[in-house]
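just need the structure, nothing else, for what follows:
(3 chains, ligands or ions: 3)
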Amino acid sequence: MSQQVKQNILAELEQLPLIDPHTHINPHSAASTTLADIMGYHYYTELAHSAGLPKSQIEEEGLAPKEKVGRLVEKLDDLDNTVQLSWLIEIAQEFFGFQDDKITLANWESLYDTALSKMNEDNWEQQVLKQSKLEQVYLTNDFDDPLAGFDTNLYVPCLRTDDLVFHYTKSATRDRLAKATGVDAGDAGSLKDAIGKLFSHFTKNNARACAISLPPMFSPQQVSAAAVDPILKKVISGSELSCDEANQLSCFIFWSLAEFCAEFKLPFDLMIGVNRRVYEDGVFQGQDLYDSRTSLFQYKELFNAFPTVTFPVSVLAQTSNQELVSYSWIFPNVVTNGHWWYSNIPAHIEQDTRARLQAVPQSKQIGYYSDMYKLEFALPKFAMYRRVLSKVLANDFVIDRGWSEERAINLGKTVLRGNVERIFGGL
Amino acid sequence: MSQQVKQNILAELEQLPLIDPHTHINPHSAASTTLADIMGYHYYTELAHSAGLPKSQIEEEGLAPKEKVGRLVEKLDDLDNTVQLSWLIEIAQEFFGFQDDKITLANWESLYDTALSKMNEDNWEQQVLKQSKLEQVYLTNDFDDPLAGFDTNLYVPCLRTDDLVFHYTKSATRDRLAKATGVDAGDAGSLKDAIGKLFSHFTKNNARACAISLPPMFSPQQVSAAAVDPILKKVISGSELSCDEANQLSCFIFWSLAEFCAEFKLPFDLMIGVNRRVYEDGVFQGQDLYDSRTSLFQYKELFNAFPTVTFPVSVLAQTSNQELVSYSWIFPNVVTNGHWWYSNIPAHIEQDTRARLQAVPQSKQIGYYSDMYKLEFALPKFAMYRRVLSKVLANDFVIDRGWSEERAINLGKTVLRGNVERIFGGL
Amino acid sequence: MSQQVKQNILAELEQLPLIDPHTHINPHSAASTTLADIMGYHYYTELAHSAGLPKSQIEEEGLAPKEKVGRLVEKLDDLDNTVQLSWLIEIAQEFFGFQDDKITLANWESLYDTALSKMNEDNWEQQVLKQSKLEQVYLTNDFDDPLAGFDTNLYVPCLRTDDLVFHYTKSATRDRLAKATGVDAGDAGSLKDAIGKLFSHFTKNNARACAISLPPMFSPQQVSAAAVDPILKKVISGSELSCDEANQLSCFIFWSLAEFCAEFKLPFDLMIGVNRRVYEDGVFQGQDLYDSRTSLFQYKELFNAFPTVTFPVSVLAQTSNQELVSYSWIFPNVVTNGHWWYSNIPAHIEQDTRARLQAVPQSKQIGYYSDMYKLEFALPKFAMYRRVLSKVLANDFVIDRGWSEERAINLGKTVLRGNVERIFGGL
Ligand SMILES: [Zn+2]
Ligand SMILES: [Zn+2]
Ligand SMILES: [Zn+2]
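Ligands and ions are numbered 1, 2, ... in the order given. Prediction:
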């Protein structure tokens, strides 16, 4: 019975047009141009590297796209079990009519060529959007992005702030900020002014969120302008900061972002838990890991200080999910947001979804985002999520709690789509 | 097959009369008098608040019970998915003949009135006890509770000690202790005497446990009288303690409690992991959360020092459950105790129950307690637990290990009822 | 359907001959001689002790084997639910024709006698190997083991190094090292020479791994010879080391082991997370527990520094499994290794296996080892693992991902057997 109920729910959820509330899409080049754009996604390069393909083979300068794909295909058998590879197969099957179960030395060239000819069609981007039922795609924009030359109602800007908070000591960051805002931010006051100009620019261009990824040990605190002024002076004079000073500066900028989120009524996406460059010889974007010893308790002051700011929170470690559930159940301004990166596999999504659906108000859950770099990935990633969601709705709600399928489907629609509109703003 | 086996086991477990080994029942007013007593439970107020109902609406001074229920009903749809709301619906259906799936603006007044007329019946409390198959209900008594005016064999006292351990620096606590014991506790010796008098009073009145909830960072250590005497002097003189001094004082009092548990042969319920007042603007009892970075390793010295004291341990974070399983598997004096608060949802109960049943001696597991404030909640909470327990017994024991249903049912009865009697003492 | 698919997969996996890549078998006395060898396994003594059997009863000097078994039998009913007891029943049924579900006061003597007569047969060891389909059994050898007098192709040596890293301050350890190597290791240089001789001796005798168990707080760092020389002087002079000095010494020796693993091309098994002697009055081998607050982030420098060394990593706490999955997915030299000790129960194996199979390249997963002390335990332990593995393959791959049974079976064979050969070297 369970399987049939799941299928019934899934069939309904598959009809729902989607808003993807967090991606890394380049709006000027949203879809792929060759299969190398797809297989160059860090999941495949890092897994192939992990399975033994040398980095030099993967990242060789001037490597032609087809040659790159050919090299990666040699390692695909080692990754055959991974859910990430199943995304690739699903892309091949759904978009390119691929008929086999595996991409092999025997069939990859034909797949490559088919993909190339599809991608060369005039309206490939629109085809992908349509077939994926994507109505809106949220971006991750550098703070100095001009946000020009694309339809911001289709590709919705979000202000990404990692560089400001964690790399403000680099002169390149400061130069970019000065250039983007026209403000020479030499003290706390002018730095805040500059940040305010970014919010103004972004919200004028339909931005729907401010966003940041955070290391496990970060614990935001309010820092006064008086405390940060001498630190900023040291930065500008080129002196090295102590760990404590660097942290105070990060806290000051972070807190300022939250203040502007309140002022500009922007949700502040927190993506908590990543350590950057843990594996220094890893491939591009395949170097980051985490320390699961982190807690939302570190955000106590922030959540208390900004009751009017909505914080959609993503956690990297599955061991943080129960805290996310509990903090969302208690704090009105904390909502659960998707299944991020190392937690984005069915084994974790299933447990995390069960706990969220059982204990967080349904209006406070953003079910999923794709985190994709190329448009083609929304389809298999949302498909994976919908299958897990349907399974949980079937087992925990229809079978265990006696709900009608219709009622379970409505719950599914709320977390998959309705809340995205309500929390970030609609179409 | 799995569903049928589960139903067979469940049907048997539902026949079993219950002892509820941890509640917050007021024995002088055990049952509810209006639906507001039920819907005023912090789970509903905090979830409604989290979903957007202002605190001022919920906690308005002089708010009439019916008006309070009406306001909460407006937010129930947002909580429809939560298991906590399913408790409410089950109460309405089982006790008040409620026929619908949801409590809505259209039907709540009729439910309110039906509940009111049932609660006004002379023997409502007895009706609830009988329908819930409750034979005994353990209390959580303030240390200065006179324990008079109720049947301590039905409502069994337990000595709650949070105030002594964590709020002894408040003069109100010291005044209450002096008044309750007639001892003016000015040094370590007299403080111990006073605590001894509490144990004497409680055990004379059929107390079955000493109990305390503990913050994640607490790590009990033995502290000498000589070390604590000067600290007590500072307390009495009204000086502020340093963090270290406050911790030493807490440790001294905590350790003394363990010593008296040994002397008076009382189990010591440890409820590990709560941070109080994390969300300061939360509703009443809806302000506490946790930091999951805690370990039973912090209790190593305690468990070694008191081999004759049984420690029924509850953990707040699901990530602590494996440690609880392992420590109970190794330490004769550690037993698993229920599914507490943020872990009291089926997604966590199921995983936690599986691990406990697979690796802790069956004689060392207290399956469940309701933690209720009003009698009506034992029924849906124990019902939820029994369903999960039956599912685990069916899948892990009957199907996966080939047990007979009867054998699985006996295991269920042991953790649900038998161990409560054996560990805390029988009827 | 799920059950049938699982059975089909299981039937195939049961045909596969096994290599057991981590045990504590004594090659000179691999099989049991009485049932007391089996029931004396720490799982039964510690669980019986935890359930109330006094240590003095279990470890009485001169206790006859049959009497010991008789005493343990009295507590078996309390352990009836544990998966560890199911191993015992399965041994009794599979090896000794035991027909009952439980070992009781009424039937244990007959079981004891049957077992005794089987174990007395000339070729009992070979019978067990054959019935268990064991082709090779890896050992855990003291660093000064002569490795003589047994077939190292059947019983494969592994160099266990806990004593060197964590007990080098004990003169007994240093004496053993001197005796084993002929090197008087008075400074960093000669200590390295001595360790090199151990690697030479072990690899000459077919050793396939260096191995160590590590406490949760250990974080390996490179320490220079110059820094460790004065510390070694203090050790030899009999002075007590500070915590920091002891840690530096441990790090130096540990790092040297990793260097020799690189030179001798040996995998380095890391078993991360155990605290020794937490329960000091526990029975033999029943005193160790853990603090789940540990992270693979602590091994960042090690994994970066030794790209040519394969690190098969076992984690003790289930909460570490996601990190293990993620680090294995990113680092080419990290592979997942079995389900260790407190995580070796179906509830945890199932979740851990799901995550590993969904996200780690299939070529980088060592499915299981028995960790046994007596040969008879490989059968029930591998049987338990195969059942869980088959369930996961059936549900997650055949049903959820549409794989053929054959494809799922091949994945099972890879993690159960193929990778052991590939990673440690074949027969
Ligand atoms: Zn992202
Ligand atoms: Zn309570
Ligand atoms: Zn071992």
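
spatially central residue for chain A, please.
For chain A, A:Asp371 is the residue whose C-alpha lies nearest the centre (C-alpha atoms, centre = their mean; 3.7 Å).

can you report phi and psi for the closest residue to it other than its chain neighbours?
The shortest distance from A:Asp371 to any residue other than its chain neighbours is 6.0 Å, reached at A:His22 (C-beta to C-beta, 6 or more residues apart in numbering or on different chains). No exception for glycine: its C-beta is placed from N, CA and C like everyone else's. Phi and psi for A:His22, reported as degrees, to the nearest 10, are phi -160, psi 120.

what residues are up against A:His22?
A:Tyr138, A:Thr140, A:Cys158, A:Ala211, A:Asp269, A:Ser314, A:Asn337, A:Gly338, A:Tyr369, A:Ser370, A:Asp371 (C-beta atoms under 8 Å, 6 or more residues apart in numbering or on different chains).

how much space between A:Ser110 and A:Gln131?
Distance of A:Ser110 to A:Gln131, computed by C-beta to C-beta, to the nearest Å: 21 Å.

so which bits of the stretch 51-200 of chain A are right by chain C?
Counting by C-beta under 8 Å from any C-beta of the partner chain, the stretch 51-200 of chain A comes close to chain C at A:Ala51, A:Gly52, A:Asp78, A:Leu79, A:Asp80, A:Asn81, A:Thr82, A:Val83, A:Gln84, A:Ser86, A:Asp101.

10 Å instead?
Residues of the stretch 51-200 of chain A found near chain C, taking C-beta under 10 Å from any C-beta of the partner chain as the criterion, are A:51-55, A:75, A:77-86, A:89-90, A:101-102.

coming back round to it: tell me the secondary structure for the residue nearest to the centre of chain A?
What DSSP: H, G, I helix; E, B strand; the rest coil gives for A:Asp371 is coil.

ok, it to B:Val83 distance?
Separation of A:Asp371 from B:Val83 (C-beta to C-beta) stands at 30 Å.

likewise A:Gln318?
Distance from A:Gln318 to B:Val83, by C-beta to C-beta: 20 Å.

ok, A:Leu111 next?
A:Leu111 is 46 Å from B:Val83, by C-beta to C-beta.

residue boundaries of the strands in chain A?
Assigned by DSSP state E, the strands in chain A fall at A:18-20, A:134-138, A:155-156, A:158-160, A:209-214, A:268-272, A:274-275, A:289-290, A:311-315, A:334-337, A:365-366.

want to throw those strands into JSON lines with mean neighbour count?
Formatted as JSON lines, the strands of chain A follow (neighbours: other C-beta atoms under 10 Å in any protein chain shown):
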{"stretch": "strand A:18-20", "mean neighbour count": "24"}
{"stretch": "strand A:134-138", "mean neighbour count": "21"}
{"stretch": "strand A:155-156", "mean neighbour count": "22"}
{"stretch": "strand A:158-160", "mean neighbour count": "25"}
{"stretch": "strand A:209-214", "mean neighbour count": "24"}
{"stretch": "strand A:268-272", "mean neighbour count": "25"}
{"stretch": "strand A:274-275", "mean neighbour count": "20"}
{"stretch": "strand A:289-290", "mean neighbour count": "26"}
{"stretch": "strand A:311-315", "mean neighbour count": "26"}
{"stretch": "strand A:334-337", "mean neighbour count": "26"}
{"stretch": "strand A:365-366", "mean neighbour count": "25"}
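
how many residues are close by the closest residue to A:Glu135 other than its chain neighbours?
In this structure, A:Glu135 finds its nearest non-sequential neighbour in A:Pro17, 4.7 Å apart by C-beta to C-beta, 6+ apart. Neighbours of A:Pro17 under the rule other C-beta atoms under 10 Å in any protein chain shown: 12.

quick one: A:Pro17 and A:Pro54, what's the gap?
Separation of A:Pro17 from A:Pro54 (C-beta to C-beta) stands at 43 Å.

still on that earlier bit, of A:Gln318 and B:Val83, who's got more company?
Neighbours around A:Gln318 and B:Val83, counted as other C-beta under 10 Å, are more numerous at A:Gln318. The numbers are 26 against 22.

what's the distance between A:Trp329 and chain C?
21 Å (C-beta to the nearest C-beta, to the nearest Å).

these two touch, right, that residue and B:Gln84?
Yes. Look at A:Trp329 against B:Gln84 with C-beta atoms under 10 Å: they come within range, at 9.0 Å.

shared neighbours, those two?
Shared contacts of A:Trp329 and B:Gln84, defined by C-beta atoms under 10 Å, 6 or more residues apart in numbering or on different chains, comprise A:Ala359, B:Tyr43, B:Glu46, B:Leu47, B:Ile345.

for the third one, which non-adjacent residue is closest in space?
Residue nearest to B:Glu46 in three dimensions, not counting chain neighbours: B:Gly286, with 3.0 Å by C-beta to C-beta, 6+ apart.

wait, that neighbour sits on B:Gly40?
No. Using C-beta under 10 Å, B:Gly286 makes no contact with B:Gly40, being 11.3 Å away.

okay, and the common contacts of these two?
Counting by C-beta under 10 Å, 6+ apart, the shared contacts of B:Gly286 and B:Gly40 are B:Ile58.

wait, does stretch A:332-339 contact chain C?
No. Stretch A:332-339 stays out of contact with chain C when judged by C-beta under 10 Å from any C-beta, the minimum separation being 12.4 Å.

B:Val278 is in contact with A:Lys300, correct?
Yes. With contact defined as C-beta under 10 Å, A:Lys300 counts as touching B:Val278 (5.3 Å).

find residues that contact each of the two.
With C-beta under 10 Å, 6+ apart as the test, A:Lys300 and B:Val278 both reach A:Tyr327, A:Phe331, B:Leu289, B:Asp291.

what about stretch A:134-148, start to end distance?
21 Å (C-alpha to C-alpha, to the nearest Å).

is it true that A:Pro332 touches B:Asp281?
Yes. The criterion here is C-beta under 10 Å, and A:Pro332 meets it with B:Asp281 at 9.1 Å.
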